[in-house]
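Participant: next input, structure requested:
(2 chains)
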Amino acid sequence: MEESKTDSSVGFSPKEMDSLMKYFVGNNCKYREQIIIPRTVGPIHIKSIDEKRVEAVFESCAFKSLVASVMGYGLGAALGLFSASVSPNITAPDAPQQTAKEIFRDLKFSTLSYAKNFALVGLMFSAVECTIESYRGKGDWKNGTYAGGITGGLIGLRAGLKPGIVGALGFAAFSTAIDYYMRH
Amino acid sequence: MAASLPQLDVAKMQMVQDLEIEMMSDMYNRMTAACHKKCIPPKYKDAELVKGESVCLDRCVAKYLDIHERVGRKLTQMSLQDEEAVKKLQGEMPRV
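Facilitator: Sure, this is the predicted structure:
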């Protein structure tokens, strides 16, 4: 604001200052037409409401768990197919030779079984990790460990208490190791 | 309780607008600094915001603005009380 020599400088009386203070500080629900964001480095991009909605969906815990379970399904299918094809199916020596149809059925059964298990584990782990991370508000290594512990515990508890504890510890350690490997 | 501006001439209105912009940008800078200090750890390997960090930032901004509003309300309330006290005092001791 230029102050020329002829103009007197603008000042406020104490009473005006008082009412100005009330105007500035007290009015917090004022409707503002322009959003002014100070710009230091780089362009400021204000997102539209649709963009925010789409981003909210893609970053939500549900979507992330879904993606993890789909990837788990794929990985499980591949692993199941591989493991079924390399493991020999030993039958009695006088039983008839296995037809191709039976072998394919066996492969399909094994593939589907592995795929479902991996998908379930992936879904559980991802959902638990995302929930823990949202609750804590931090994104460090402990989220993976806690999530692994809970997931392993839940899976192991189906077989009893001791397998539950062992499963929890083992899965937590595995998850920590994988996280460490991915980050370093 | 919305306060309105007293009648001011052009130069003063200009200054009021400048003051408002300065106030808003100061609040924005302080809020960014405070929430950055609280929510984002100093060492990171990824440029993208992790989910935990973005959740923390949402909460930080909401809290900051809530506190800003409450403190502002309290301040206006205190200044109203002060005004009434001053009026009462002036009423008791009329100046010659």
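
Participant: what does chain B put close to chain A?
Facilitator: Contact residues, chain B versus chain A (CB under 8 Å from any CB of the partner chain): B:1-6, B:8, B:11-12, B:14-16, B:18-21, B:23-25, B:28-29, B:39, B:41, B:45, B:50-56, B:59, B:68-69, B:72-73, B:75-76, B:79, B:83. Where C-beta positions appear, they are placed from N, C-alpha and C, glycine not excepted.

Participant: enumerate the positions of the strand or helix carrying residue A:165 that are buried.
Facilitator: Secondary structure assigned from DSSP states H and E places residue A:165 in helix A:161-183. Neighbour counts over helix A:161-183 (16 or more other CB atoms under 10 Å in any protein chain shown) mark A:163, A:164, A:167, A:168, A:171, A:172, A:175, A:176, A:179 as buried.

Participant: tell me the SS of the closest residue to the first one other than its chain neighbours?
Facilitator: In this case it means residue A:163. Distances taken as CB to CB, 6 or more residues apart in numbering or on different chains place residue A:156 nearest to residue A:163, at 4.3 Å, with adjacent residues excluded. With DSSP: H, G, I helix; E, B strand; the rest coil as the basis, residue A:156 sits in helix.

Participant: what is the burial count for residue A:156?
Facilitator: By other CB atoms under 10 Å in any protein chain shown, 20 other residues sit near residue A:156.

Participant: equivalent analysis for residue B:33, please.
Facilitator: With other CB under 10 Å as criterion, residue B:33 counts 10.

Participant: show me what the one helix or strand it maps to is packed against.
Facilitator: According to DSSP H and E, residue B:33 maps onto helix B:10-39. Contacts defined by 3 or more CB pairs under 8 Å, 6 or more residues apart in numbering or on different chains; DSSP states H and E place helix B:10-39 against helix A:14-26, helix B:51-92.

Participant: quick check: mean pLDDT of it?
Facilitator: Averaging pLDDT along helix B:10-39 gives 89.

Participant: one more: stretch B:42-61?
Facilitator: Mean predicted lDDT for stretch B:42-61 stands at 92.

Participant: now the terminal residues of that stretch, how far apart.
Facilitator: Using CA to CA, to the nearest Å, one end of stretch B:42-61 lies 19 Å from the other.

Participant: repeat for stretch A:149-164
Facilitator: Stretch A:149-164: ends 10 Å apart by CA to CA.

Participant: give me the contacts around that stretch.
Facilitator: The contact list for stretch A:149-164, computed with CB atoms under 8 Å, 6 or more residues apart in numbering or on different chains, reads A:121, A:124, A:125, A:128, A:165, A:166, A:167, A:168, A:169, A:170, A:171, A:172.
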